[in-house]
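Participant: Attaching a predicted model along with its sequence, questions to come.
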Amino acid sequence: MTKKIAYITGSRADWGIVRRYLNLLNNDKNIDLRIITTGALLSDEYGHQVDLIEQDGFKIDAKIEIPLNSTKVSDTLKAMSCALDKAGEWFEDNKYDLVIILGDRFEIMSFALAAAMQKLPILHLHGGEATNANYDEFIRHSITKMSLYHFASTKEYANRIIQLGENPERVFDLGALGAENCMLIEEDKVPNDIKGLKNYFTVLFHPETLTNVNPLEQINNLLGAIDCFKDYNFVFLGSNADTHSQIIRQKVKEYVKNNSNTKYIENLPTAGYHYLLKNSICLIGNSSSGIIEAPSLGIYTVNIGDRQQGRIQANSVINARCTLEEIKEAIEKVLRDYKTIKPKNPYYKPNCADNYYKTTLLLLNRLKKDTKEPKAFYDLKSL
């Protein structure tokens, strides 16, 4: 009997990570895969990235728009409230055998809660991770408690999921999809306007949402450090839709207008982003892709500030506080050593997408047994 699966996506990041895995599900005649889109994917301001999903040939079941004004925290809460209201209505009328959710986005939290309230089993990807300076931290762990199954990216994260009270029989250490995906670049899907770029850094910077740092001060320090390297080119990508991201986006766009050695790109297909990273000197910023994907591509990451604090890191990640001087020193270290770096990625496992797919099939066969009774809290034995 055909199983109906939904994948919820709200940003270019979580779509690019799962694309190969979802393609395997989509090509399975016994699975009816539906995509539910929301958040920045549907926003013209953020490049209307839902177009990328449609170009990839997936069936979009719903386009659920939410407000994305990111000036203050109350704006983010309004977006979450709207997402919860609309997701609740959608899941009331549309049932799925399994709902797949990745990570920790605020809008994804609302969809997870709506699905859980409607008694739809959730498979959660990338649980157990730590990002201490962002509200992603408690959102991720909250989604863990709503979910029936878990695919973790490292053994340590799998153990943390179990520590949160999840049954070890439903927790799987399968590696990170992004650590494998980024190595399989489809050259025919890379935009021509980035193929000629040379001697450049990729820059992707997001706001911290649980610290008291001033996002304007942070982005000014980053741009001030970059300004010290006029002999190199810098390609900036648009920040995500977190609280205060508009401050960062506005400053970056102003900087790019006034500096001929810079370029701003709002939106790239997955292949384009990975191509851009692979051929850059390094990734500067605080994106999770600098922790999970960049090491697989053999490049350094200058990881700025505390946004990714708590995540397991490769030897190619250079941490810098968000001061002009420390960022400048980190970039100088990259320029001294980048041609000799040999990263070892702790998130990489071979055949990752295939293992995600095969394990999902096993779980679909277990669904009836595992949903017979409400999920119980798994207690660890006393030490």
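Facilitator: Sure, I can see it.
Participant: Could you confirm Lys29 falls within a strand?
Facilitator: No - read with DSSP: H, G, I helix; E, B strand; the rest coil, Lys29 is coil and lies in no strand.
Participant: longest helix in this protein, by residue count?
Facilitator: helix 73-93 (DSSP state H).
Participant: Could you list every helix and strand that it packs against?
Facilitator: Counting contacts by 3 or more CB pairs under 8 Å, 6 or more residues apart in numbering; DSSP states H and E, helix 73-93 packs against strand 31-38, strand 60-64, helix 106-117. All C-beta atoms are positioned from the backbone trio N, CA, C, and that covers glycine.
Participant: just these: most buried one?
Facilitator: Comparing the helices and strands packed on helix 73-93 by mean neighbour count (mean count of other CB atoms under 10 Å), helix 106-117 comes out on top with a mean of 23.
Participant: got the angle between that one and strand 31-38?
Facilitator: 130 degrees (axes from the mean of the first three to the mean of the last three CA atoms, to 10 degrees).
Participant: Identify each buried residue in the helix or strand of the chain with the lowest mean pLDDT, please.
Facilitator: Of all helical and strand segments in the chain, the minimum by mean pLDDT, DSSP states H and E falls on helix 50-55, at a mean of 82. Neighbour counts using 16 or more other CB atoms under 10 Å place 50, 52-53 of helix 50-55 among the buried residues.
Participant: From the chain's centroid, how far away is it?
Facilitator: Remark: helix 50-55 is offset 17 Å from the chain centroid, using CA atoms, centre = their mean, to the nearest Å.
Participant: Show me what it is packed against.
Facilitator: Helix 50-55 packs on helix 12-26, strand 31-38, strand 60-64, going by 3+ CB pairs under 8 Å, 6+ apart.
Participant: Just put those in CSV and tack on distance to Leu204 and mean pLDDT.
Facilitator: Output for these, formatted as CSV (distance: least, CB to CB, whole Å; pLDDT from 0 to 100):
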stretch, distance to Leu204, mean pLDDT
helix 12-26, 10, 90
strand 31-38, 22, 96
strand 60-64, 26, 94
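Participant: quick one: which of these is nearest Ser110?
Facilitator: strand 31-38 (8.7 Å; CB to CB).
Participant: Just the terminal-to-terminal distance for stretch 67-77.
Facilitator: 10 Å (CA to CA, to the nearest Å).
Participant: Name the residues of it that come out as buried.
Facilitator: Buried-residue list, stretch 67-77, by 16+ other CB under 10 Å: 68, 70, 75-76.
Participant: what's it in contact with?
Facilitator: By CB atoms under 8 Å, 6 or more residues apart in numbering, the residues outside stretch 67-77 that reach it are 39-40, 43, 45-46, 78-79, 82, 106, 209, 241-246.
Participant: just curious, which of those is nearest to Val190?
Facilitator: Tyr46 (20.7 Å).
Participant: I'd like the distance between Lys204 and Asn221.
Facilitator: Residue 204: Leu, not Lys. 16 Å (CB to CB, to the nearest Å).
Participant: beta partners of Lys3?
Facilitator: Ile31 (DSSP bridges).
Participant: make that Ile265, sorry
Facilitator: With DSSP bridges as the rule, Ile265 is bridged to Leu237.
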